[in-house]
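Novice: can you look at this prediction? I've put the sequence above it.
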Amino acid sequence: MLITVAGFKGGVGKTTTAVHLGCYLAQKGSTLLVDGDPNHSATGWSKRGNLPFKVVDLMQAALYSPKFEHIVIDTAARPDKHELEALADGCDLLVLPTSPDALSIDAMLQTVDLLETLGADRYRILLTMVHPKPVKSGEAARAALGDFPLFKRDIRRLICYEKASLEGIPVYEVKADRMSKIAWSDYRTVAEEILP
């Protein structure tokens, strides 16, 4: 399984998504996360602690990739048309995280229009950083994106993801935060839609 995670606006949970999909896939087989983001966020996450999979830089990917059953690629933000075409064509699934705010949804609508123009059909949108009820921004975002392929589960906006990143661990290993198991259940449910 080769999963690429791409973001078209900063701060939508791209690296968090890549890391936690990697955690799930690591439970299914050997997993590699390729950090193709110039910010090297996944590499930093890994160096601060311990993740259940190997993280390598994009320049190391060719050497390491054949040794792993599953590969997750965390990409640079804001790919242009040619990069987007290559991303969509070069993976089993392109995961597109977006937060439910209007600017992010507008950017996502433009992205999926471009993907449709390119004839890409192996992508799915993941709503991230969704505020809990009674805030209805998640529902509004889902309605705006209703004609496009969406994951059934949203990723809730929870502080335990920040704690996980700071500690360099998966969210399910965050101690003294009762929401960490709920946070993991969100990503596990999303991942089960990809690989049951």
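Specialist: Cool, got the structure.
Novice: now for the residue nearest the centre of the chain: which residues touch it?
Specialist: Centroid-nearest residue in the chain, with Cα atoms, centre = their mean: Thr17, separated by 2.9 Å. For Thr17, the contact set (Cβ atoms under 8 Å, 6 or more residues apart in numbering) comprises Val5, Val95, Pro97, Leu126, Thr128, Ile155, Tyr187. C-beta here means a position set from N, CA and C on the backbone, and glycine is covered the same way.
Novice: am I right that it is in a helix?
Specialist: Yes. Applying DSSP: H, G, I helix; E, B strand; the rest coil, one finds Thr17 inside a helix.
Novice: tell me the predicted confidence for it.
Specialist: Here the pLDDT value assigned to Thr17 is 97.
Novice: just the buried members of the contacts of Thr17?
Specialist: Among the contacts of Thr17, the ones that count as buried by 16 or more other Cβ atoms under 10 Å are Val5, Val95, Pro97, Leu126, Thr128, Ile155, Tyr187.
Novice: in helices, which of these fall?
Specialist: Tyr187 (DSSP state H).
Novice: same list (the buried ones among the contacts of Thr17) but as a markdown table, adding pLDDT and distance to Pro79.
Specialist: Shown next, in a markdown table, are the buried ones among the contacts of Thr17 (pLDDT from 0 to 100; distance: Cβ to Cβ, whole Å):
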| residue | pLDDT | distance to Pro79 |
| --- | --- | --- |
| Val5 | 95 | 12 |
| Val95 | 97 | 14 |
| Pro97 | 96 | 14 |
| Leu126 | 97 | 17 |
| Thr128 | 96 | 18 |
| Ile155 | 97 | 21 |
| Tyr187 | 98 | 23 |
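Novice: now, which of the buried ones among the contacts of Thr17 sits nearest Lys28?
Specialist: Nearest to Lys28 out of those is Tyr187 (Cβ to Cβ; 13.8 Å).
Novice: you'd agree that closest one is up against Cys23?
Specialist: Yes. Counting by Cβ atoms under 8 Å, Cys23 is a contact partner of Tyr187 at 7.4 Å.
Novice: quick check: Ile125 touching Ser99?
Specialist: No. The criterion here is Cβ under 8 Å, and Ile125 misses it with Ser99 at 11.4 Å.
Novice: dump the helix or strand hosting Ala164 to PDB, restricted to CA.
Specialist: Assigned by DSSP states H and E, Ala164 belongs to helix 160-167. Provided in PDB are the C-alpha atoms of helix 160-167 (Å, rounded to 0.1, in the frame of the first residue of the first chain):
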ATOM      1  CA  CYS A 160      -3.400  15.600  22.500                       C
ATOM      2  CA  TYR A 161      -2.100  15.700  18.900                       C
ATOM      3  CA  GLU A 162       0.200  18.600  19.800                       C
ATOM      4  CA  LYS A 163       1.400  16.700  22.900                       C
ATOM      5  CA  ALA A 164       2.100  13.700  20.700                       C
ATOM      6  CA  SER A 165       4.100  15.700  18.300                       C
ATOM      7  CA  LEU A 166       6.100  17.400  21.100                       C
ATOM      8  CA  GLU A 167       6.900  14.100  22.700                       C
END
